[in-house]
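Colleague: Based on what follows, work out the 3D shape:
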Amino acid sequence: MTPSEQAAARAKMAEKFLRDAQHPENSLHTRYSCAFDALYLYALVAVQAPDGLKSHPYAKLLSDGAQLLQLDMQAVDRLTLRMRKFGSQLEVTEEQVTEQIGLATAARKALQKDE
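Modeller: Below is the predicted model:
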């Protein structure tokens, strides 16, 4: 798979995650996780990360991608800290889901602007 094909595949998968994050019938935790995965995939596209990463999620790639996409780094840092600390035991609020969806949406828009 060429780098551009890989980027397109990641962006397509991110779109699916972002769509799932916006479905209110999904649990808050599922919506938060989907929005995180969308943001992470968009970050991988932004930094042109290679395939076969050994660690997921890789915080440095998320941070580097968020910076390239000019996202709210304080929100990204809060997200990274929460995911590291709590993982699947994370208690999620509607406000946090909304913030996470906002970050993923901003990442998508930034990538579309660069095309």
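Colleague: do you know how far the residue nearest the centre of the chain is from E15?
Modeller: Nearest to the geometric centre of the chain sits L39, at 1.3 Å (Cα atoms, centre = their mean). L39 sits 12 Å away from E15, taking Cβ to Cβ, to the nearest Å as the criterion. To be clear about C-beta, it is placed using only N, CA and C from the backbone, and glycine gets the same treatment.
Colleague: Likewise for K60?
Modeller: In terms of Cβ to Cβ, K60 sits 24 Å off from E15.
Colleague: neighbour count winner among the two?
Modeller: Using other Cβ atoms under 10 Å as the criterion, K60 and E15 rank with E15 on top: 15 against 11.
Colleague: Could I get the pLDDT score of L53?
Modeller: Here, the pLDDT recorded for L53 equals 62.
Colleague: start at 615 instead
Modeller: Will do, 615 is the new start, and the previous item becomes L667.
Colleague: Could I get the full set of helices for the chain?
Modeller: 617-635, 642-661, 673-682, 687-700, 708-728 (DSSP state H).
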